[in-house]
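Visitor: coords below, sequence missing:
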Ligand SMILES: C=C(C(=O)O)c1ccccc1
């Protein structure tokens, strides 16, 4: 059986294969509520054969949404609409996952197809918060309010409550969003965090928000279920976070109970000129982190080809792959990958309603 289609056991959860659907913002909610769009978007990728489907960055508080149309799990009323989606995904063989997030200084923005820029406070937008009163830049030039220590505690409590609601909704895989220039990454990166208190300056201080938040969530998330994190392990920019620092951070998170790292990069400033874009460009860094920390990993970014994905796992660079745009292009990518890799009875990766017909010539 090709490595990509071997099962993956993490704590009490078993993925039927090593293919994950990355959390991808849909900007299609009202007051955070998922709707039929999310049901079809996520359900179809479970039907298409992915072993894990992760719901998009879901805000832990209203002002933590990237846009007013982001999903959220900051209300108890959000639980049941998400539970309907989680049940469907599980029924059709995918482990239901969710990413919980706070957008920090990148919040209060228009949808990407409506400008991707900040919305004026009071005109549909809101005041943003961040470790320091430093704007992201580019289209997102609002100066955020520097968070007080009480603000920090409040957001950490919101992550805990969001984790509890995610569990109540039936999710079995939780991913904390520590990447892409959102709040947790803003605390971690010296490019965004200029604080002089216990949350800024030294590495120890810059990882404090991440460590405290992770530990608080671990205390309420059942040990039998995977608690994971997506981390920007490098900023690619002089003065930003480095892979070496991130290896140390991952070691500490692993000691605190991290079950898997979803390895990502960048986006704490608008400058992406240093990113070495190319097919599977994050696989070597993922491999290094996996080797040097011993943490199970998910590798993403420009992984599109079944052999590319299978080789990354077979060659022990990663435990699984998470696909984003390729899954938008083809929700049935796992099935097509199974055919390409010569998996016997590949059609059985699909639900019984399709499998027999698909198998027939
Ligand atoms: C909308 C994003 C997310 O939710 O992480 C994002 C942001 C930057 C790069 C990739 C993805």
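Guide: Received the coordinates, thanks. Nothing here was measured: the structure is a model prediction, and the numbers come from that model. Numbering: from 1, shown residues only.

Visitor: can you tell me the distance between the two ends of stretch 105-119?
Guide: With CA to CA, to the nearest Å as the measure, stretch 105-119 spans 12 Å from end to end.

Visitor: touching the ligand at all, it?
Guide: No. Judged by CB under 6 Å from any ligand atom, stretch 105-119 and the ligand are separated, with a smallest distance of 8.2 Å. Bear in mind the C-beta positions are built from the backbone N, C-alpha and C, glycine included.

Visitor: So that it lines up with my notes, have the first residue be 50 from now on.
Guide: Okay, residue one is now 50; in that scheme the one you just asked about reads as stretch 154-168.

Visitor: what sits up against that stretch?
Guide: Here stretch 154-168 makes contact (CB atoms under 8 Å, 6 or more residues apart in numbering) with 76, 112-118, 152, 170, 174-179, 183-185, 188-191, 193, 230-232, 235, 241.

Visitor: average pLDDT for it?
Guide: The average pLDDT within stretch 154-168 is 98.

Visitor: One more: stretch 373-387?
Guide: 98.

Visitor: contacts for that stretch?
Guide: Residues from elsewhere that reach stretch 373-387 (CB under 8 Å, 6+ apart): 53-54, 66, 68, 70-71, 73, 93-94, 96-100, 349, 352-353, 355, 358-359, 372, 395-396, 398-399, 407.

Visitor: do the same with stretch 124-131
Guide: Residues outside stretch 124-131 that contact it (CB under 8 Å, 6+ apart): 80-84, 104, 121-122, 147, 214-215, 217-220.

Visitor: So for it, what gets flagged as buried?
Guide: By neighbour count on 16 or more other CB atoms under 10 Å, the buried set for stretch 124-131 is 127, 128, 130, 131.

Visitor: end to end, how far does it reach?
Guide: 11 Å.

Visitor: and that stretch, how far from the chain's centre?
Guide: Centroid separation between stretch 124-131 and its chain, computed with CA atoms, centre = their mean, to the nearest Å, is 20 Å.

Visitor: ditto for stretch 308-323
Guide: 11 Å.

Visitor: One more: stretch 402-410?
Guide: With CA atoms, centre = their mean as the basis, stretch 402-410 stands 33 Å off its chain's centre.

Visitor: Report the rounded mean pLDDT for that stretch.
Guide: 88.

Visitor: same deal with stretch 129-149?
Guide: The predicted model assigns stretch 129-149 a mean pLDDT of 98.

Visitor: is that stretch up against the ligand anywhere?
Guide: No. Residues of stretch 129-149 contacting the ligand under CB under 6 Å from any ligand atom: none, with a closest distance of 7.3 Å.

Visitor: Can you measure across that stretch, start residue to end residue?
Guide: Start-to-end, stretch 129-149 (CA to CA) is 16 Å.

Visitor: from the chain's centre, how far out does that stretch sit?
Guide: Worked out by CA atoms, centre = their mean, stretch 129-149 lies 15 Å from the chain centre.

Visitor: Sweet, I'm off.
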